[in-house]
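K.L.:
this one's sequence-less:
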């Protein structure tokens, strides 16, 4: 009879540890919190978008006029100590312009009256004090569209680091508060997910360009740029 009992004994010895193994696979209690941080610093460059638009009877005439005006603007930018690496053509468009006339049958007839050529220059101004002066000079030389102005930082890494540290501290403070309120102890950090981004830059509307014909340069205020960080942290609960 003993040989028959041996397989049963082996089966029992193999199956016995299974419940303990399953228990070890159950994840420990945990808490997930989101922390937020922000750091603001003064910008160190201005990003400008300047457009010259010219209209003429032919596309050739319009293009020649736009080219001449933009060449003068680029030369003026360089004379204002804007480096060549900070100047970039942002777009060139050639569009016909039609005059539409209503016909007796209710339809419209389009008559080609002119061609419009737009040439856009994007530039970085690293000396913020010259921003208003550069805008004023550009408009005087023929810039008549665009006007987008934003402020940026060449190296925002320190501000981003400060924002991340603040976000982690915020998450840990929240986790401690929640654990204390629940009557449990906070354990080790199990996971951290970082989501860091820069807030939208502060724009100046094209209305500033309407004043550029005045004797004084366009008034410009750079303000501050905000860099925000968000972290999701998972803590073990004891």
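P.N.:
Here it is on my side, so go on. Bear in mind that the values here come from a model prediction, so they are computed numbers and not experimental data. Numbering: from 1, shown residues only.

K.L.:
which residues of this structure fall in strands?
P.N.:
Counting by DSSP state E, the chain has strands at residues 30-41, 45-56, 87-102, 108-125, 145-152, 186-198, 225-237.

K.L.:
Show me the least confident stretch of those, going by mean pLDDT.
P.N.:
Mean pLDDT is lowest for strand 145-152 among the strands of the chain, at a mean of 83.

K.L.:
just to revisit the earlier point, buried deepest among the strands of the chain, which one?
P.N.:
Mean neighbours per residue, mean count of other C-beta atoms under 10 Å, is largest over those for strand 45-56, with a mean of 21. Where C-beta positions appear, they are placed from N, C-alpha and C, glycine not excepted.

K.L.:
Run me through the strand neighbours of that strand, direction for each.
P.N.:
In the sheet, strand 45-56 lines up against strand 108-125 (antiparallel), strand 145-152 (antiparallel) (DSSP bridges).

K.L.:
Can you convert the ones you listed into JSON lines and add a column each for distance to residue 45?
P.N.:
Below are those laid out as JSON lines (distance: least, C-beta to C-beta, whole Å):
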{"stretch": "strand 108-125", "distance to residue 45": "5"}
{"stretch": "strand 145-152", "distance to residue 45": "5"}
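
K.L.:
So for residue 51, which of the ones you listed sits nearest?
P.N.:
Set against residue 51 and scored by C-beta to C-beta, the strands paired with strand 45-56 come closest in strand 145-152, at 3.6 Å.

K.L.:
Next, the buried residues of the lengthiest helix in the chain.
P.N.:
If you go by DSSP state H, the chain has its longest helix at helix 157-182. Across helix 157-182, burial judged by 16 or more other C-beta atoms under 10 Å covers 159-160, 162-164, 166-168, 170-172, 174-175, 179.

K.L.:
That helix - contacts with which helices or strands?
P.N.:
Counting contacts by 3 or more C-beta pairs under 8 Å, 6 or more residues apart in numbering; DSSP states H and E, helix 157-182 is packed against strand 30-41, strand 186-198, strand 225-237.

K.L.:
quick one, which of those strands is nearest to residue 54?
P.N.:
Counting by C-beta to C-beta, residue 54 lies closest to strand 225-237 out of those; the figure is 35.1 Å.

K.L.:
circling back: please tabulate the buried residues of helix 157-182 in a markdown table and include distance to residue 25 as additional columns.
P.N.:
Formatted as a markdown table, the buried residues of helix 157-182 follow (distance: C-beta to C-beta, whole Å):
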| residue | distance to residue 25 |
| --- | --- |
| 159 | 43 |
| 160 | 39 |
| 162 | 40 |
| 163 | 38 |
| 164 | 33 |
| 166 | 37 |
| 167 | 32 |
| 168 | 30 |
| 170 | 33 |
| 171 | 27 |
| 172 | 28 |
| 174 | 29 |
| 175 | 25 |
| 179 | 24 |
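
K.L.:
No more questions from me, cheers.
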